[in-house]
Structure formats: C-alpha cells, structure tokens
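Colleague: this one's sequence-less:
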C-alpha cells in the first residue's frame, strides 16, 4: 500500500480521533462510567474479564459515532450515553466470541482474553455483555432504538456464521465478501449512527436515515482497510497479529483481487495456502508479495476509499456543523490507516 496523503493531511488524520475525544470529553466520561458500572457482577470473572478487554483501549469509534450522531441531530442525553455503552458492549462481546472462533492470540495489542481465562469464560462473558447491552437499550425508552440494535445483533451473528461457512473458499465472489462484511462489521456502525440520531429525538427520522447510510458505508470502508492491513499493516495499528486472516484461511478482498489478476500458478498457490491443513512456512510472505505485485493492495484501498466517499456524501442531507465535519474526517481517517 502506498501513501498518497501529503504531510498536512497525515497530521490531520493522525489527530482526528483525539480531536473527537476532546469534543466528546463529557459524553465519553459518562459512557466510560457506565461501562464500568454495568459490567459489575458478584461473579468476579465477569468484571475481571470484561474490564481486561475494555481497558485494553480501542478507539471507541462505535460509541463515538453514536454520540456525534446525536449531537448532529440536537444533542446527547442520558439515553444516548446508555445507547453508546450498549454499542460498545455489543462490540466487545463480538470480539470475545471472535477470538475463540478464530483462535486469535492478540486483541488490542494484548493477549486475547481466551488465552488468560479460557474459551468457556470468554464465550460466557461475551453472552453477559450482550445481555447487558439489551438492558441498556430498554432504558432508552425507545422501541425504534431497541429494534435497530436488536436487528443489528442478529445480522452480526449471521455475518459471522456466513464468514465461517465461506472459510477457505478461494473462489468467493466479491459480492459475497461484501455481504459478509456488511453484516459482521458495517451493521453495527450503521445501527450506532442511526440509533444515536434517534436518541436526540424522534423528529430526526430523516437525518437518522442519512446517518444510517453514513454508518453502513463507513463500516464497509473500515473493514476493507482492516483486511488490507492483514497483509501490510503492523500489530500496533491493527491490534492483532499480522497475517491472522491468512492463517485462518479467510478469503478477503485483497486475496480476491490478487487471485483474479494472477496466473494459473498463483491460483494454485492460493488454493493450497488458504487451506489451513496445507499451509507451509513462507506462504504468508509469498501471499504479501502477490498482493503487492498484482496491485491488489492499492485496488483494495481504492475500494475502501470509494465507500468512505459514499459515507461522506450521505452527510450532505444533514445541516453542516462541527459534528458532521468530524464524521467526514472520520471517514478519511478510516482509509488513512492504510498509509
């Protein structure tokens, strides 16, 4: 992946998350307090394990999207804070489950929780956090918000199962890949933005629809870049081991493009190397070489940029403000991670 940003753009992208955190300092403080309070349980392993992954960092992108969407539509309130907390709990639960399914060793730059407490505890605490999220949704007092996030939770689970079923399918069509990531990743971005807008008042239905489109396209851009970084990023950027997707036999967009552009020998390589039973030492290095030499890395980033542009275009239906500008910058930031 080649950098195409000038120094001033790079500096802006580097500090966008910090600027958003500053803009949302009071809201995030309220959300963090709820994350701690609602993870409490007399069963020690629950707050210990959930606190371990929550405190490991992460940019809190999804709850920040919820909070900024609310501000763009009039402002936040205690219900918005409960909603942002629910969104982060859902995200954290999916991470706990994913690490067991994928047998990942790292999460957010630390040992995966399943390597500390075991698979069973990780799955069950993930279930607990899902349940807590639904309790918080109910506290918003909005059936629309409950519908949006409960639907998203089902879609996310379907996406994860779809991805599992598609593992090692090197002939996976681009359309099916996009359907998988729209479900497993973009659905929560979409729900976070749409529900955030509605938390500011039911009169924001039109703006909520625009923000839902923003969230969906932002989520697609985010996941496509994540998949690109698996073949060209660093552990400090992606928070997990580089090459995890390859080792797990996942067919992602960089692989789809590289295989489509490759020779018959390249096709044979992908067919063998994405089978976890026949992978060999040095295969990851060769996969990275093929993805770069075929131009698949740059093509993947271009695809992500197209979805980021769609996300920014959706914001035109909202009155311009510091909040919509922050969301626009966030779309640029998601793509800039590849540089």
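Modeller: Arrived safely. Source: prediction; values computed, not measured.

Colleague: CA only for contacts and neighbour counts going forward, please
Modeller: Will do.

Colleague: what's the offset of stretch 294-312 from the middle of its chain?
Modeller: 16 Å (CA atoms, centre = their mean, to the nearest Å).

Colleague: got the buried residues for it?
Modeller: 294-312 (16 or more other CA atoms under 10 Å).

Colleague: Quick one: residues in contact with it.
Modeller: 1-2, 213-218, 220-222, 224-225, 228, 253-255, 257-258, 261-262, 291-292, 327-328, 331-332, 334-335, 338 (CA atoms under 8 Å, 6 or more residues apart in numbering).

Colleague: swap the cut-off to 7 Å and go again
Modeller: 1, 213-215, 217-218, 220-221, 224-225, 228, 253-254, 257-258, 261-262, 291, 328, 331-332, 335 (CA atoms under 7 Å, 6 or more residues apart in numbering).

Colleague: now it: mean pLDDT?
Modeller: Throughout stretch 294-312, pLDDT has a mean value of 97.

Colleague: need the contact list for the residue positioned nearest the centre of the chain.
Modeller: By CA atoms, centre = their mean, the chain has its centre lying nearest to residue 185, at 5.1 Å. With contacts defined as CA under 7 Å, 6+ apart, residue 185 is in contact with 156, 219, 223.

Colleague: From the buried residues of stretch 294-312, which land in helices?
Modeller: 296-312 (DSSP state H).

Colleague: following the helix or strand of the chain with the lowest mean pLDDT, which helix or strand comes up?
Modeller: Using mean pLDDT, DSSP states H and E, helix 235-238 stands out as the lowest-scoring helix or strand of the chain, at a mean of 49. Going down the chain from helix 235-238, the next helix or strand is helix 244-247, by DSSP states H and E.

Colleague: Residues in contact with the helix or strand just after that following helix: which ones?
Modeller: Scanning forward in sequence from helix 244-247 by DSSP H and E, the next helix or strand is helix 253-261. Helix 253-261 is touched from outside by 174, 228, 266-267, 290-291, 294, 296-297, 300, with contacts defined as CA under 7 Å, 6+ apart.

Colleague: tell me which strands and helices the helix or strand following helix 253-261 is in contact with?
Modeller: Using DSSP H and E, the helix or strand that follows helix 253-261 towards the C-terminus is helix 264-273. Using 3 or more CA pairs under 7 Å, 6 or more residues apart in numbering; DSSP states H and E as the contact test, no helix or strand touches helix 264-273.
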